[in-house]
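**Q** model this:
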Amino acid sequence: MSSYKKFIISTHHGLFYNVIFNEFKKERYLKYLLRKDTTNNNYTLETLTKDTPFYQHIGILKYLKAIAQSGTIYTYHFNLLRNILEKTAAFHGYEKFSDCIKVEDDDTDKIIHTRRINILSHGNYSIFEPQEMQEENKEHFRKVLENFIEEYGFNRELFTQEGQS
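**A** The predicted model follows:
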């Protein structure tokens, strides 16, 4: 009989995932990542053999970029966008997520973008009752996302069709 135990730890929390991953890499545990393929909605179980785990924020950005390009933007996508903005603000030491919304000096839309993200990431919107956004809100979403990706210098190759996951 084998002396090791099998168990599964599952989480959606990126920080907890990284802590657990780093603790288990010291031992000879097999580590897997359940990943959704957005092209066919199938799930795959991927063995992690690298020292560096999947970066959650990159995956979310890739997902949001694909959503923005598809044009099918729902209210809950603003929650994901806000989450990325909040984590970036915290990383850079900013007080508010809106400090990561890049606009031109003469552009007054920063206040509008911030208000839309606030309203659409709160309120009575639910992932269980998704509402597709009106075109005006979709444009605000796309503009904030595109300016964020540009401002923080993300590798554009991450967002090519081959780079999508």
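
**Q** how is the protein carved up into domains?
**A** The chain resolves into domains spanning 1-54, 56-163 when parsed by automatic domain parsing.

**Q** can you list those domains in JSON lines and add mean pLDDT?
**A** Shown next, in JSON lines, are the domains of the chain (pLDDT from 0 to 100):
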{"stretch": "domain 1-54", "mean pLDDT": "69"}
{"stretch": "domain 56-163", "mean pLDDT": "82"}
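
**Q** any idea which of these is most buried?
**A** Stretch with highest mean neighbour count among these: domain 56-163 (a mean of 15; mean count of other Cβ atoms under 10 Å). C-betas here are computed from N, CA, C, even on glycine.

**Q** let me see the ranges of the helices in this protein.
**A** 14-24, 56-70, 75-92, 109-120, 135-151 (DSSP state H).

**Q** between those helices, which gets nearest to residue 102?
**A** With Cβ to Cβ, the closest approach to residue 102 among the helices of the chain belongs to helix 135-151: 4.1 Å.

**Q** off-centre distance for the closest one?
**A** Here helix 135-151 is found 14 Å from its chain centre; the criterion is Cα atoms, centre = their mean, to the nearest Å.

**Q** same for it, what does it pack against?
**A** For helix 135-151, the contact count by 3 or more Cβ pairs under 8 Å, 6 or more residues apart in numbering; DSSP states H and E identifies helix 56-70, helix 75-92, helix 109-120 as packing neighbours.

**Q** which residues does that helix contact?
**A** Contacts with helix 135-151, where a contact means Cβ atoms under 8 Å, 6 or more residues apart in numbering, come from 61, 64-65, 68, 71, 73, 77-78, 81, 84-85, 88, 100-103, 109, 112-113, 116-117, 120, 133, 159.

**Q** that one relative to helix 75-92, how many degrees between them?
**A** 30 degrees (axes from the mean of the first three to the mean of the last three Cα atoms, to 10 degrees).

**Q** nearest spatial neighbour of residue 133, chain-adjacent residues omitted?
**A** Nearest residue to residue 133 in three dimensions, chain neighbours excluded: residue 73, at 4.8 Å (Cβ to Cβ, 6 or more residues apart in numbering).
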